[in-house]
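# when you get a sec, could you give me coordinates for this:
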Amino acid sequence: CDLAQEDLAVTQKDRDSAQEALVAITTDRDSLQEALAAATKDRDVTIQDRDSAQAALAAITKDRDVAQVGLAATQKDRDSAQQALAAMSNKCDLAQEDRVASQKDLDSAQEALAATIMDRDSTQVALAATQEDRDSVHKALAAMSN
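Reported below is the predicted structural model:
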């Protein structure tokens, strides 16, 4: 009976040890489940962060594409403005050449006018001399008639 009681005591100790081991295993399992839940939550947050980052990247790419279209339009406008400026510059150059030619024509016309005035003055002097000659001839004729 003592042996049976000793066996029972050993069995009781083994059962207590097994229960302690089971409690430890259950605690470990609960800890692992909590860690798994935390890891799952972290993974879900990471997936959400990744999705947000991809959405932000898509928005940035779209903004970049829009900016590139705007830049291309601005470049085209700048090129058009440069062409218009070059055309205006050419017109200004032609207008300047026309002005120079007109000034030369004006200078030539003024020289011709000055020559015409000198000719008129010479003609008036000659006319005055002719008038004097005619008056002298009239006087001489009048003197001869008398």
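
# which SSE is L85 in?
Counting by DSSP states H and E, the secondary-structure element that holds L85 is helix 2-145.

# what about that helix, distance to the chain center?
Mean-position distance between helix 2-145 and its chain equals 0 Å (C-alpha atoms, centre = their mean, to the nearest Å).

# let me know the average pLDDT across that helix.
Averaging pLDDT along helix 2-145 yields 94.

# so how far is M88 from Q33?
Per C-beta to C-beta, to the nearest Å, Q33 is found 81 Å from M88. For every residue, glycine as well, the C-beta is placed using N, CA and C.

# oh, that last question was meant for Q110, not what I typed.
Relative to M88, Q110 is positioned 32 Å away (C-beta to C-beta).

# and Q110, how many residues sit next to it?
Residue crowding around Q110 was assessed by other C-beta atoms under 10 Å; the count is 10.

# now swap in A73 and tell me
Here the count is done by other C-beta under 10 Å, and A73 has 10 residues near it.

# cool, and T74?
T74 has 10 neighbouring residues, counting by other C-beta under 10 Å.

# and for D65?
Using other C-beta under 10 Å as the criterion, D65 is surrounded by 10 other residues.

# repeat that for A112.
The local packing count at A112 equals 10, with neighbours defined by other C-beta under 10 Å.

# ok, now which ones touch it?
For A112, the set of contacting residues under the criterion of C-beta atoms under 8 Å, 6 or more residues apart in numbering is empty.

# distance of it relative to I60?
Separation of A112 from I60 (C-beta to C-beta): 76 Å.
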